[in-house]
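> Pasting a predicted model and its sequence here:
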Amino acid sequence: MPKKLGVYVCSGCSIGDAIDTAQLAKVAGGECKAAVCRVHPFLCGGEGCDLIRQDLASGTVDTVVLAACSPRVKSDVFQFDHGAVVERVNLREHVAWSHKQRDEDTEMLAADYLRMGVARALKSEAPEPLHDEISKTVLVVGGGITGLNAALGAAEAGYDVVLVEKEWLLGGFAGATQERFPAGLPYTEPQSEGLTSLIDRVTYHTRIRVFLSTGIVKTAGQPGMFDVTLRMERGEQTIRAGAIVVATGWKPYDAARLGHLGYGLSPDVITNVDFEKAAHGPLVRPSDGKPVESVLFVQCAGSRDPEHLPYCSSVCCMTTLKHVAYIREQSPETKAFVVYKDMRTPGQYERFYRTTQDHPLNFLTKGEVSSVDKTDEGKLAVTVKNTLLGQSILLVVDLVVLATGMVPASGDEALHLTYRQGPELPILQDGFPDSHFVCFPYETRRTGIYAAGALRAPMDAAQAREDAMGAALKAIQSVELAERGLAVHPRAGDASFPSFFLQRCTQCKRCTEECPFGALDEDEKGTPKPNLYRCRRCGVCMGACPERIVSFRNYSVDMIASMIKAIEVPEEDEEKPRVLAFMCENDAYPALDIAGLRRREHDASVRVIPLRCLGSLNIVWIADALSRGIDGVMLVGCKYGDDYQCHFTKGSELASKRLENVKETLERLQLEPDRLQLTQLAMNEWDKLPALFNTFVDRIRELGPNPYKGF
Amino acid sequence: MAEATLIQPDAAFIRDVIASGGGDLKKCYQCATCAVTCSLSTEENPFPRRQMLLAQWGLKEELSEDPGPWLCFYCGECSKMCPRKANPGETMMALRRYLTAQYDWTGLARLMYRSVYWEISILLLVAAVVVLLFTLPHSFGFGLLSQSGPEARSIVMLDKFAPTEIVHRGDTILAALLSLLLLVNAARMFFGLTRSEKLPVRYYLAQLPNLALQGLTQVRWKGCKGSEAIKNWVRHLLLVTGYVTMFTLVVVFLPWFQVEDSSFHWTSILGYYATAILLGATAWIIVDRIGKRAEMHRFSHLSDWLFPILLFLTAASGILLHIFRLLDLAMPTYVLYTAHMAIAVPMLVVEVPFGKWAHLLYRPVAIYVAAARAKAMESSSPEMAGRNRSPVREGRTQFAVGWKGSHGP
């Protein structure tokens, strides 16, 4: 059934001043064959929206093209029922606000955008969400501070929780400590309360089932329907969970690698974890059992050190302060030396630091331990350089405590996922699960599985409590969205999903390998087996597929190709180059909106096509564009590498790899590789965009027209 | 990098300094704001930062060789600026108290600084001795009340009550004794300061005029840019003139000063001047200490109270005695004379060699040693000039013997 197209052009927000909207309406009504075409000065107002609603309700229109502002704004106003396809054409930010008013090129640009929008709208269908039986149970892996809080948080929010702990008791590392950091006013003394009551609340909560001395041998399935096989002493049991919070915590850094700080030299050189254990008894030298008269704490032992852990574990300073407090509880006469790189005592912990400083026999100095030796009397001689005392100092002590940092437990096998891409959470830097630390905390590259606590980043118990809540909420969002068949972060609420036309699949495995979220498993031959609840709808598989068999109802290779075809390419002698820019929807496209908002002009030869992720770029589009006579193609995506900003972790990186292959092809076709360019851009670099466009168009003008023009 | 210096914090020393009023010294985290704030602090001698550090780490030996604590006039700017409220100004004051006790070989200074009871007891003891001298019959020629005729009870006959000749002899002996004690302590201080940093004698000789100048005028104080520093210096200088005048009158010119007739004496003018200054300045100081407005008056140790109070009482009893004598009120004159002596003598005995007053010699000596060092540094190689830059001087060899033979001293 042919679509009944309605084109609505808004002339408000100075669109009408910049563009001849009546002329645009003619383009819509003429070549675009719109059933209805209306120009309105205030389309987002009640009257304008009613106009569209009436057309939809009367059945004259079932496909709406809104030629108005950016799709990033007014999305709440332009909401229509009746399963209508709605396509937004960005006339305001990308045309009216960023180009010369009533200029020939501006008019051409607006007309092209309208054609492209119509082309896409005509191919789009309204997505239908998935629908399956969903479990809303949250599985929490790890019964430490984080796991306990996550379990309690989710249970209190009304969700069933299964808590799995490999040890025979709850509490994790914190449970093994004598006292913990100050958690309340006046923040000057370690505290020992709190954990037992937390464990009790979890243990006796009606919504929480606790499995102790239990491991996970298999995690199969997908969000909303994870089948997790638990192994305990009395056998195995499979439970179903909707989402998983992984809180497997941390391990101390391997002190065996800290020989330069004296570890291994004497039993009297111990780690802060050893000290914590030893603090239960009287303070004696491990070597001979004599009472300890002086202790030296070495901060950042193997931390903030490129040779060891490059990061700050953020807790060792407080741990040492706590350990000094242990010493004070036992003996007012023991000297405690602390050698630090910097004391990092964030927030209220500064009070703890001050209190520790106050004792006459606590000595703290910045400095660097340069050697640890044994003395004839069996003591330890520690040389410290670059101290606050302005010189190297030598301290002879009974005990040296190395304040070692936290290593995430990600190396341990905890989940045993049956995913094609591996059994555990993919890790990024330093062994932490791969997620954008600042922008998307708790996310991992396994949808529905969230990392929290010291597994995710080094943190103390107070931070872990908050982290647990964050991850629990993420898990809840995940099961709730799964129940509605919608995508989770970052396209939360997206009802579309990819479908695979498997008859044409050549088992090349590109999609199963490239999917950043491991959504696709494989059968023995290599045919993808999609797990749609794991999918985040980025379209990387669509970009990867050489056979173009992956498509969404509102996003497909064909749709974008139609948009490219809709661009009117002027003849060579008109000397009007055309440049196509594929822009990531998440950073680059909004950046161009901002540039428009700030009224920064850019060359009107550029036609922008937003992509869900640059990783969904299918190289066939580039071939299409060049063969249509388009003179150059730009790709603007997020930063990639270790500090990537890609919302889908790998998209822009994959696009750049694909582009390298295309460039080789170009050379064979004797087309200049300069006609293709990939740029990494963050949203805050919006001011660079106009120059980026202009420079590229200038280069294209230098290269001359695409020789394939007109073929 | 010089060889590492063995650091052995002296716990007792740290506690001593804290007990002397340095309760906040451990709060310092070595940001150096104090040394930057202080206008007298130099690159070579960054006080009070250096002293804070030495005291924090219990480096007693280092501090005993350091004139730093005495180079500060306590304007309190450092305490005001200190981000940790470590009160470096007061810590310097505490160090001066501690060092005053340390320089004294008798150990009395330490007892009195550390214990209110000792301080008060010794003051009362000396006062009791003085009172007894004037009241016991036949004691050293005093004791007119029991010996002379009844006319002495109605007309003032001070020479009978306290014969000038005997009093003069007594105060000369007392002055000599106290000066000797003070000199011995100052010498101990000097040798302590110069123990490990020996300069050629010419540097010390060259700085002798400076020693006298500083002692008499405290002119270094002018360099202090703290708020009210100049006011404090002028007040202090006036107090010094009043004190020196009175001291001279009593010790040198007593026969002309202690008179019985009411005719005009040239000494009266000087006496009135000194009394006015002593009363005014000490009252002002007491009011300031009560008000705690200025940084230097916020913390008052017992020794900080006793000094101005006793001096005020001495001057007040002195002038009252003078008035009674002029009014020819015999008995009140005698009683007040006794009281005057019972205040002045214990004050001098306690304060001059053992107490706060000893700073009249300690501070100039410290400035003197520091100046000699600075001169020596100037004239030596540039390499030497940098020697004292670090908060703790390098090169002290106090390594412990016996740990790892290969690394011995």
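Done, it's in.

> going forward, measure contacts between C-alpha atoms and count neighbours the same way
OK.

> now the stretch 301-450 of chain A, which segments are flagged as low pLDDT?
A:437 (pLDDT under 70).

> Which parts of it are strands?
A:335-340, A:362-366, A:368-374, A:380-385, A:393-397, A:399-404, A:406-408, A:449-451 (DSSP state E, counting those that start in this stretch).

> chain center to the first one: distance?
Looking back up the chat, that one is strand A:335-340. Chain-centre distance of strand A:335-340: 40 Å, with CA atoms, centre = their mean, to the nearest Å.

> Paired strands for it, with orientation please.
strand A:294-301 (parallel), strand A:362-366 (parallel) (DSSP bridges).

> Buried deepest among the ones you listed, which one?
Burial of these is given as mean neighbour count (mean count of other CA atoms under 10 Å in any protein chain shown); strand A:294-301 ranks first at a mean of 25.

> what's in contact with that one?
Outside strand A:294-301, the residues that touch it by CA atoms under 8 Å, 6 or more residues apart in numbering or on different chains are A:258, A:261, A:312, A:316-317, A:320, A:334-341, A:369, A:397-405.

> need the strands paired with strand A:335-340 in a markdown table with distance to A:Leu635, can you?
Output for those, formatted as a markdown table (distance: least, CA to CA, whole Å):
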| stretch | distance to A:Leu635 |
| --- | --- |
| strand A:294-301 | 43 |
| strand A:362-366 | 49 |
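
> is the residue in the stretch 401-550 of chain A that chain B sits nearest to in a bridge, and if so with what?
Going by CA to the nearest CA, chain B is nearest to A:Val401 of the stretch 401-550 of chain A, at 18.5 Å. Note on A:Val401: beta-bridge partners A:Ile270, A:Phe297, judged by DSSP bridges.

> Count the residues that sit near it.
Using other CA atoms under 10 Å in any protein chain shown, A:Val401 has 26 other residues around it.

> Now for it: which residues touch it?
Contacts of A:Val401 by CA under 8 Å, 6+ apart are A:Val269, A:Ile270, A:Thr271, A:Asn272, A:Phe275, A:Val295, A:Leu296, A:Phe297, A:Val298.

> could you redo the last one with a cut-off of 7 Å?
A:Val269, A:Ile270, A:Thr271, A:Asn272, A:Leu296, A:Phe297, A:Val298 (CA atoms under 7 Å, 6 or more residues apart in numbering or on different chains).

> Cross-check the contact I'm expecting between A:Arg600 and A:Ser98.
Yes. The pair A:Arg600 / A:Ser98 is scored as a contact, 5.4 Å apart, by CA atoms under 7 Å.

> Who has more neighbours out of those two?
Between A:Arg600 and A:Ser98, counting by other CA under 10 Å, A:Ser98 is the more crowded of the two (25 against 19).

> what secondary structure does the more buried one sit in?
coil (DSSP: H, G, I helix; E, B strand; the rest coil).

> Pick out the least confidently modelled helix or strand of chain A, by mean pLDDT.
helix A:651-668 (a mean of 89; mean pLDDT, DSSP states H and E).

> Kindly tell me how buried A:Gly422 is, as a neighbour count.
Around A:Gly422 there are 11 residues (other CA under 10 Å).

> Revised request: answer the last question for A:Thr355.
17.

> which helix is the longest one in chain B?
helix B:164-193 (DSSP state H).

> re earlier: of the contacts of A:Val401, closest to chain B?
When the contacts of A:Val401 are compared against chain B (criterion: CA to the nearest CA), the nearest one is A:Leu296, at 12.7 Å.

> which residues of the stretch 1-150 of chain B fall in helices?
B:11-19, B:33-37, B:49-56, B:60-64, B:68-71, B:77-81, B:88-103, B:108-114, B:116-135, B:144-147 (DSSP state H, counting those that start in this stretch).

> can the ones you listed go into TSV with extra columns for distance to chain A and mean pLDDT?
TSV is the format used below for these (distance: least, CA to the nearest CA, whole Å; pLDDT from 0 to 100):
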stretch	distance to chain A	mean pLDDT
helix B:11-19	6	94
helix B:33-37	14	93
helix B:49-56	7	93
helix B:60-64	12	91
helix B:68-71	16	94
helix B:77-81	17	94
helix B:88-103	14	94
helix B:108-114	18	91
helix B:116-135	23	91
helix B:144-147	58	54
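
> next helix or strand past the longest helix of chain B?
helix B:201-206 (DSSP states H and E).

> what packs against the helix or strand following that next one?
Per DSSP H and E, the first helix or strand lying C-terminal to helix B:201-206 is helix B:208-217. Here helix B:208-217 touches helix B:359-379, going by 3 or more CA pairs under 7 Å, 6 or more residues apart in numbering or on different chains; DSSP states H and E.

> what residues does stretch A:37-50 touch?
Taking CA under 7 Å, 6+ apart as the rule, stretch A:37-50 contacts A:Gly6, A:Val7, A:Tyr8, A:Val9, A:Cys10, A:Ser11, A:Gly12, A:Thr21, A:Ala25, A:Ala28, A:Gly29, A:Val77.

> before we move on, what about stretch A:26-33?
Applying CA under 7 Å, 6+ apart, the set of residues contacting stretch A:26-33 is A:Val7, A:Ala34, A:Cys37, A:Arg115.

> sec struct for the first one, please.
Meaning A:Val7. Taking three-state DSSP, the label given to A:Val7 is strand.

> That one: how many residues sit nearby?
So A:Val7, with other CA under 10 Å, has 29 neighbours.

> Next: the third one.
The criterion is other CA under 10 Å. On that basis, A:Cys37 has 22 neighbouring residues.

> Surely it is in a helix?
No. The assignment for A:Cys37, made by three-state DSSP, is strand rather than a helix.

> nearest residue to it other than its sequence neighbours?
In this structure, A:Cys37 finds its nearest non-sequential neighbour in A:Val7, 4.7 Å apart by CA to CA, 6 or more residues apart in numbering or on different chains.

> beta partners of that neighbour?
A:Cys37, A:Val65.

> before we move on, the earlier item: from the contacts of stretch A:26-33, which is closest to B:Leu279?
A:Val7 (99.1 Å; CA to CA).

> The closest one reaches A:Thr63, doesn't it?
No. Using CA under 7 Å as the test, A:Val7 is too far from A:Thr63 to be in contact (8.5 Å).

> Could you confirm A:Ala464 falls within a helix?
Yes. Membership of A:Ala464 in a helix is supported by three-state DSSP.

> quick one, what contacts the closest residue in space to it that isn't next to it in sequence?
Nearest residue to A:Ala464, sequence neighbours excluded (CA to CA, 6+ apart): A:Gly453, at 4.7 Å. Going by CA under 7 Å, 6+ apart, A:Gly453 touches A:Thr146, A:Ala247, A:Gly249, A:Met459, A:Ala464, A:Asp467, A:Ala468.
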